[in-house]
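>>> Just the structure for this:
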Amino acid sequence: MFAFASHEEIGRFGSRVLVEKHRPDVLVAVDVNHDYEAAPIGKEDKPPPLELGKGFTLGHGSICSPRINSLIAEAATSANVPFQHDVRGTDTGTDAMAGVLSMSAMPALEPIWARDSA
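Coordinates of the predicted model:
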């Protein structure tokens, strides 16, 4: 199933509704990320060194499934698709987080980040 969720920025309601209704086995969230080299806002927090043009980012954190991450990394590597790693803490602030909290037994791939140009 492929779906779009809304209200991520104001409570992450969309993914919670989708997950409760459809009960997926796995949730893959696609979101944007930040290039701290091009726009150093928040750089003092020492985020991972992510750069525009260096490939998508694969998230790692409390809700992420190492097994699913490995499958995505292997597929990207075999297809010569560049990617970066982004480490998140306990709350990623994404729809994946809200979805996993709605169904605590479901693994997630936290997110395959699309690159933010700002």
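
>>> Just the buried positions in the longest helix belonging to the chain, please.
Longest helix in the chain, counting residues (DSSP state H): helix 66-78. Neighbour-count burial for helix 66-78 flags Ile68, Asn69, Ile72, Ala76 (criterion: 16 or more other C-beta atoms under 10 Å). To be clear about C-beta, it is placed using only N, CA and C from the backbone, and glycine gets the same treatment.

>>> Of those, which is the nearest to Glu37?
The nearest member of these to Glu37, counting by C-beta to C-beta, is Ala76 at 21.6 Å.

>>> Now do the closest one, the pLDDT please.
Per-residue pLDDT puts Ala76 at 96.

>>> residues in contact with it?
Going by C-beta atoms under 8 Å, 6 or more residues apart in numbering, Ala76 touches Gly55, Phe56, Leu58, Pro82, Phe83.

>>> Near the last one, how many residues? Count them for me, please.
Read that as Phe83. 16 (other C-beta atoms under 10 Å).

>>> Need the nearest residue in space to it, chain neighbours excluded.
Gly55 (4.2 Å; C-beta to C-beta, 6 or more residues apart in numbering).

>>> Give the burial count for that neighbour, as a bare number.
Gly55, neighbours per other C-beta under 10 Å, totals 15.

>>> re earlier: any idea how far the longest helix of the chain is from the chain center?
With C-alpha atoms, centre = their mean, to the nearest Å as the basis, helix 66-78 stands 14 Å off its chain's centre.

>>> Repeat that for stretch 73-86.
Chain-centre distance of stretch 73-86: 15 Å, with C-alpha atoms, centre = their mean.
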